[in-house]
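In: model this:
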Amino acid sequence: MERTGSGAVNSFPGRWWHALPDGRIQCDLCPRDCKLHEGQRGACFVRQNLGGAMVLTTYGRSSGFCIDPIEKKPLNHFYPGSSVLSFGTAGCNLACKFCQNWDISKSHDMDRLMDQASPQDIARAASRHHCTSVAYTYNDPVIFAEYAMDTADACHALGIQSVAVTAGYIHAEPRREFYAKMDAANVDLKAFTEDFYFRLCGGSLQPVLDTLVYLRHETSVWFEITTLLIPTKNDSDQEIEALSKWVMKELGPDVPLHFTAFHPDWKLADLPPTPVATLKRARKIARSAGLHYVYTGNVHDPEGGTTYCPSCEKAVIERDWYAIGGYHLDARGRCEYCGTAVAGRFGAFAAPFGARRIPIRIEQGG
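Out: Residues are numbered from 1 along each chain as shown. Down below sits the predicted model:
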């Protein structure tokens, strides 16, 4: 057990590290390869060298729990209309200057992690609230992988799915173990240039591309991609076209791609919000590249939020923001107009959860 500030923080044995000859340890979880002296924390802030071993300081602690529509993750092809119990911790292994959840991901204040819950507590709460899945989100679950993986095991024991909302910045060995526990993921492909990742994220593009290729070709995880379009930074026709063609070539036409709107925040507060026209232009470019399912997000655009059959092109899931107004797929995800299978994970569709957001408290041992 350690203390930060005035509050106690749980320390849990961490994985994916090795000792160095000079007495430091090296974290092998993500491409940052942080080398830590005794007591030092990694760039993510939550992984620390204590007593010559790696510990995860946020295991069992959360910044809060909330029940959301699955479409908010965003996942449009993973049990549409279902509810998901969402939670995160603190810290992040990237340093995005445009972070929309910076108060959580950039937080070095462990005292804000007031909600405590074991993996079993979380699974029982999800079951009690009739959630189809649990999402590890708000900050990147890669940095609290041990907690997320244990929670996924507890959820699977109760028939509940697990969802990772992540930037995909992870080394190969932990990636294999982490995604073996996940049923679905939304991966942020933040841009399609190395310069963007270096200057605005403090990272590198290639590990994220490697994660996407791994998910597509070596796992059964259902995944979708989100790109936040930032005016003047990653919203040119050329970059959007290059990104879309790469997805088409390396991942195929059935991986959903979400273009979402930036709003001024964190260290890019001087930029304007993303115009709706930019998102619609990006969607048109991606569809022209051959992608079947391309969406717009963070704006009011019913056409850009709706799922269309790739064969007859009729609307099969009509969305307005996170609300589903029309649903025209059978339980196996086939278009009721022409019988074409829509890519994704589907089940019997009843009354959708809707656009509600319900904060909850989880009782320990409850």
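
In: SS state for residue 215?
Out: Under DSSP: H, G, I helix; E, B strand; the rest coil, residue 215 falls in the helix class.

In: okay, now it: neighbour count?
Out: Neighbourhood size, residue 215 [other CB atoms under 10 Å]: 22. For glycine as for every other residue, the C-beta is placed from the backbone atoms N, C-alpha and C.

In: what separation is there between residue 302 and residue 320?
Out: 5 Å (CB to CB, to the nearest Å).

In: that should have said residue 347, apologies.
Out: 22 Å.

In: where is the longest strand in this structure?
Out: Assignment by DSSP state E gives strand 222-229 as the longest strand of the chain.

In: helices or strands next to that strand in the packing?
Out: Strand 222-229 sits against strand 184-188, helix 206-218, helix 237-250, strand 257-261, helix 276-288, with contacts defined as 3 or more CB pairs under 8 Å, 6 or more residues apart in numbering; DSSP states H and E.

In: any chance of those in TSV, with mean pLDDT too?
Out: Shown next, in TSV, are the helices and strands packed on strand 222-229 (pLDDT from 0 to 100):
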stretch	mean pLDDT
strand 184-188	98
helix 206-218	98
helix 237-250	98
strand 257-261	98
helix 276-288	98
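
In: now tabulate these in JSON lines and tack on distance to residue 356.
Out: Output for the helices and strands packed on strand 222-229, formatted as JSON lines (distance: least, CB to CB, whole Å):
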{"stretch": "strand 184-188", "distance to residue 356": "20"}
{"stretch": "helix 206-218", "distance to residue 356": "30"}
{"stretch": "helix 237-250", "distance to residue 356": "32"}
{"stretch": "strand 257-261", "distance to residue 356": "20"}
{"stretch": "helix 276-288", "distance to residue 356": "24"}
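
In: and these: which comes nearest residue 34?
Out: helix 206-218 (14.7 Å; CB to CB).

In: grab the CA positions of that closest one and hand them over as CSV.
Out: What follows is helix 206-218, C-alpha atoms only, in CSV (Å, rounded to 0.1, in the frame of the first residue of the first chain):
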residue,chain,number,x,y,z
GLN,A,206,2.9,2.3,-36.3
PRO,A,207,2.0,0.5,-33.0
VAL,A,208,-1.6,1.6,-33.5
LEU,A,209,-1.7,0.3,-37.1
ASP,A,210,-0.2,-3.0,-35.8
THR,A,211,-2.9,-3.3,-33.2
LEU,A,212,-5.6,-2.8,-35.8
VAL,A,213,-4.1,-5.4,-38.2
TYR,A,214,-3.7,-7.8,-35.2
LEU,A,215,-7.4,-7.4,-34.2
ARG,A,216,-8.6,-8.0,-37.8
HIS,A,217,-6.5,-11.0,-38.7
GLU,A,218,-5.7,-12.8,-35.5
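
In: any residues touching it, and which ones?
Out: For helix 206-218, the surrounding residues in contact (CB atoms under 8 Å, 6 or more residues apart in numbering) are 30-31, 167-172, 175-176, 179, 185, 187-190, 194, 197, 221, 223, 225, 246, 250-252, 255.

In: show me the protein divided up by domain.
Out: The chain breaks down by automatic domain parsing into domains covering 2-56, 61-344.

In: looking at the shortest one now, give me its mean pLDDT.
Out: In this model, domain 2-56 has a mean pLDDT of 87.

In: any idea how far that domain is from the chain center?
Out: 24 Å (CA atoms, centre = their mean, to the nearest Å).

In: cool, stretch 42-61 as well?
Out: Using CA atoms, centre = their mean, the offset of stretch 42-61 from its chain centre is 21 Å.

In: wait, which of the helices and strands packed on strand 222-229 is closest to residue 334?
Out: Of all those, strand 184-188 sits nearest to residue 334, with 19.9 Å by CB to CB.

In: list the neighbouring strands of that closest one plus their orientation.
Out: Sheet pairing for strand 184-188, assigned by DSSP bridges, gives strand 161-166 (parallel), strand 222-229 (parallel).

In: run the angle between it and helix 206-218 for me.
Out: For strand 184-188 against helix 206-218, the angle by axes from the mean of the first three to the mean of the last three CA atoms, to 10 degrees is 150 degrees.
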